[in-house]
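A.B. asks: Pasting a predicted model and its sequence here:
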Amino acid sequence: MSAPRPQAEGEVAAAPAPAPAPPRHSGELGSTQASHRLLAYSDALLSIIATVMILPVAHTKIHPDQKLGESVQQLLLTKIAVYLMTFLIVTVAWTAHVRLFQVIVLIDDVLALLNLACMMLITFLPYTFSLMASFPGIPFGIFMFSTCAVVIGLIQAVIVAYGFYHPYLLNHQIQVSENQAFYKHRILQIILRGPVLCFLAAIFSFFFFPMSYVLLGLVIFLPHITRLIIWCKNKTVGPKDDESHRLEAFTFYLNEPLSKERVEAFSDGVYAIVATLLILDICEDNVPDSKEVKDKFHNRLTEALSEYGPNFLAYFASFVTTGLLWFVHHSLFLYITKATRFMGLLNTFSLAFIGGLPLAYQLTSEFAEKSPNEIEAIQISCVITFFASIFQFAIWITALFHERETLHPLARYGGKEHAFMFAKLALYPCVSLGAFFLTCLLSKFSTAIFHIMQIVVPFAFLALRILVKISLAIMKSMLSLSRRKNVVLDEEETCLSPAETLS
């Protein structure tokens, strides 16, 4: 199905068609209903859980007078690495949830309660991550994390068994199929491959826990490694027989890209939670003590708040960065008609670094204290912003390789919005990378460089379309001038006599 045309400027949006009434089925356990609200709740909860895992990293206490020495850097880097791994594992669980409810399209009370039990265990994952991040050398944290992942997988397997026991809950294509056992085996394989690896990670945590981290890493990359192996095998020995082709076509929707709408919903949830975490930090750390206001400032609250001025500036700058990165993401997916698996992986990496923006805020808010770690804090913030934005740019580049299937014509090469999308997606990677290298060369002015970057970027977004239009107009005029010169030269040549031409 083709993607809807983006609304033109000044165009009035048509009123949406009324949604059809959710189908209901009167079975032994009562009526059934569509799963839309359950999916929206699950997407919101999973995006929250994936994002709040940054809190143990962001709240790592570093005294303003304490330098980021080797021990502190190692602790911070370990927490960041564990955060990235667990964030990606949660997104793998979300992907399995998406696949599961591509098979089961109707729910009843039993399925709703089973999904609620699954969500309850998912909400416990941030606590297990806190143990892993705070005690990386003790295996109990990774054992608890792996055990929760195993139980989550088992509950989802029970949901599959229940759904196939009541076929009226399944996708219509599966209901009318004679090969329901194949569907059941395939969806269980997708759901349980991660929990199986987590089960092995839990076992290895008792006697060789570094292997547990390797197995958890495989949870993230195993589907992509498997697809790469299959692709290489098909290129070398050729595809399998007609029966395998029939089964592959038979399970087409289990192998197709994730739902674009659910990708957008999950991404919006991550951006919203990051913005919320920023204001929670302001509420927690920047409210003066009532006794201090009374004794030190003589009940003058405005004077007490003035000491937190730089912290508020850091908050507004971090919120603007989060908001503009969401704006770029929104603009990108406005023109993406289909998100491939690789594009989904790149989006996951981008969201993982978006989740690191509260850490950037915590580091840059120490500027008010004249911390000796200003340069390191600025560079960490630039790195987080760079990777969050460069993966967005990579999504668009990947889409361009298959632009007929993945991009709206306006954003394709030569389309009306192509140059503007390139400039919009390249702005943050270029600015953050430039600020990083400038702080290395001009360390004395690192704070000023960082603040200038934060001030310039919002205005650059406002002026970007004008600059792109001016640049395109200049290029068109230069091309037209060159064409006119070529036409004049051709006319002069045609006017010359054959003797003059030979001479």
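C.D. replies: Arrived safely, thanks for sending.

A.B. asks: List phi and psi for Gly414.
C.D. replies: Per-residue torsions, Gly414: phi 90, psi -10 (degrees, to the nearest 10).

A.B. asks: pull the CA atoms of stretch 32-45 into PDB?
C.D. replies: Written as PDB, here are the backbone C-alpha positions of stretch 32-45 (Å, rounded to 0.1, in the frame of the first residue of the first chain):
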ATOM      1  CA  THR A  32     -12.900 -10.200  22.200                       C
ATOM      2  CA  GLN A  33     -11.700  -6.900  21.000                       C
ATOM      3  CA  ALA A  34      -9.000  -5.300  18.800                       C
ATOM      4  CA  SER A  35      -5.500  -5.000  20.200                       C
ATOM      5  CA  HIS A  36      -4.900  -1.300  19.400                       C
ATOM      6  CA  ARG A  37      -5.100   0.000  22.900                       C
ATOM      7  CA  LEU A  38      -3.000  -2.900  24.300                       C
ATOM      8  CA  LEU A  39      -0.300  -2.200  21.700                       C
ATOM      9  CA  ALA A  40      -0.300   1.500  22.500                       C
ATOM     10  CA  TYR A  41       0.100   0.800  26.200                       C
ATOM     11  CA  SER A  42       2.900  -1.700  25.600                       C
ATOM     12  CA  ASP A  43       4.800   0.600  23.200                       C
ATOM     13  CA  ALA A  44       4.600   3.500  25.800                       C
ATOM     14  CA  LEU A  45       5.700   1.300  28.600                       C
END
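
A.B. asks: List the buried residues of that stretch.
C.D. replies: Applying a neighbour-count criterion of 16 or more other C-beta atoms under 10 Å, one finds 32-35, 38-39, 42-45 buried in stretch 32-45. In this view, the C-beta of every residue, glycine as well, is placed from N, C-alpha and C.

A.B. asks: could the residues you listed be laid out in a markdown table, adding distance to Arg186?
C.D. replies: Formatted as a markdown table, the buried residues of stretch 32-45 follow (distance: C-beta to C-beta, whole Å):
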| residue | distance to Arg186 |
| --- | --- |
| Thr32 | 23 |
| Gln33 | 26 |
| Ala34 | 23 |
| Ser35 | 20 |
| Leu38 | 22 |
| Leu39 | 20 |
| Ser42 | 21 |
| Asp43 | 23 |
| Ala44 | 28 |
| Leu45 | 26 |
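
A.B. asks: Can you pick out the ones from these that are in strands?
C.D. replies: 33-34 (DSSP state E).

A.B. asks: Save the buried residues of stretch 32-45 as JSON lines, and put in pLDDT and distance to Ala460 too.
C.D. replies: Formatted as JSON lines, these follow (pLDDT from 0 to 100; distance: C-beta to C-beta, whole Å):
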{"residue": "Thr32", "pLDDT": "77", "distance to Ala460": "51"}
{"residue": "Gln33", "pLDDT": "80", "distance to Ala460": "47"}
{"residue": "Ala34", "pLDDT": "81", "distance to Ala460": "44"}
{"residue": "Ser35", "pLDDT": "82", "distance to Ala460": "42"}
{"residue": "Leu38", "pLDDT": "88", "distance to Ala460": "42"}
{"residue": "Leu39", "pLDDT": "87", "distance to Ala460": "37"}
{"residue": "Ser42", "pLDDT": "88", "distance to Ala460": "37"}
{"residue": "Asp43", "pLDDT": "86", "distance to Ala460": "32"}
{"residue": "Ala44", "pLDDT": "86", "distance to Ala460": "32"}
{"residue": "Leu45", "pLDDT": "88", "distance to Ala460": "36"}
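
A.B. asks: gap between Ile229 and Ala473?
C.D. replies: With distances taken as C-beta to C-beta, to the nearest Å, Ile229 is found 50 Å from Ala473.

A.B. asks: Just the residues contacting stretch 127-140, thanks.
C.D. replies: 53, 56-57, 78-79, 82-83, 86, 141-142, 144-145, 148, 205-206, 209, 212 (C-beta atoms under 8 Å, 6 or more residues apart in numbering).

A.B. asks: on that earlier part again, let me know the closest of the buried residues of stretch 32-45 to Thr406.
C.D. replies: Asp43 (22.1 Å; C-beta to C-beta).

A.B. asks: gap between that closest one and Glu264?
C.D. replies: Taken as C-beta to C-beta, the span from Asp43 to Glu264 is 10 Å.

A.B. asks: Mind checking which of the contacts of stretch 127-140 are buried?
C.D. replies: Among those, those classed as buried by 16+ other C-beta under 10 Å are 53, 56-57, 78-79, 82-83, 86, 141-142, 144-145, 148, 205, 209, 212.

A.B. asks: what secondary structure does Ile152 sit in?
C.D. replies: helix (DSSP: H, G, I helix; E, B strand; the rest coil).

A.B. asks: Which helix or strand contains the nearest residue to Phe327 once chain neighbours are set aside?
C.D. replies: Among residues not flanking Phe327 along the chain, Phe461 sits closest, at 7.3 Å (C-beta to C-beta, 6 or more residues apart in numbering). Using DSSP states H and E, Phe461 falls within helix 446-495.

A.B. asks: I'd like the average pLDDT over that helix.
C.D. replies: Mean per-residue pLDDT for helix 446-495: 69.

A.B. asks: Same check on stretch 363-373?
C.D. replies: Across stretch 363-373, pLDDT averages out at 59.

A.B. asks: Next: stretch 98-115.
C.D. replies: For stretch 98-115, mean pLDDT is 88.

A.B. asks: and that stretch, how far apart are its ends?
C.D. replies: The first residue of stretch 98-115 is 12 Å away from its last residue (C-alpha to C-alpha, to the nearest Å).

A.B. asks: Stretch 410-417 now?
C.D. replies: Criterion C-alpha to C-alpha; first-to-last residue distance in stretch 410-417 is 5 Å.

A.B. asks: Just the buried positions in that stretch, please.
C.D. replies: 410-412, 415, 417.

A.B. asks: now do stretch 432-440
C.D. replies: 432-433, 435-436, 438-439.

A.B. asks: Could you single out the nearest of the buried residues of stretch 32-45 to Gln392?
C.D. replies: Asp43 (20.0 Å).

A.B. asks: so the closest one sits right up against Trp94, yeah?
C.D. replies: Yes: counting by C-beta atoms under 8 Å, Asp43 does reach Trp94; the two are 7.4 Å apart.

A.B. asks: what do the two both touch?
C.D. replies: Phe266.

A.B. asks: out of the contacts of stretch 127-140, which are inside strands?
C.D. replies: Per DSSP E, these never map to strands.

A.B. asks: Met120 is in contact with Cys148, correct?
C.D. replies: No: contact criterion C-beta under 8 Å: Cys148 and Met120 do not qualify, at 10.1 Å.

A.B. asks: phi, psi of Ser35?
C.D. replies: phi -100, psi 10.

A.B. asks: burial count for the closest residue to it other than its chain neighbours?
C.D. replies: Distance criterion C-beta to C-beta, 6+ apart; nearest residue to Ser35, sequence neighbours excluded, is Ile107 at 4.8 Å. Using other C-beta atoms under 10 Å, the number of residues around Ile107 comes to 23.

A.B. asks: Contact partners for Ile107?
C.D. replies: Contacts of Ile107 by C-beta under 8 Å, 6+ apart are 32-35, 38, 115, 169.

A.B. asks: again, but for His418
C.D. replies: His418 touches 410-412, counting by C-beta under 8 Å, 6+ apart.

A.B. asks: This structure - how does it break down into domains?
C.D. replies: 26-256, 259-495 (automatic domain parsing).

A.B. asks: sorry, back to before: between the contacts of His418, which is nearest Leu197?
C.D. replies: The closest of the contacts of His418 to Leu197 turns out to be Ala411 (C-beta to C-beta; 37.7 Å).

A.B. asks: My guess is that closest one contacts Met421. True?
C.D. replies: Yes: in this structure, Ala411 is within contact of Met421 by C-beta under 8 Å, at 5.3 Å.
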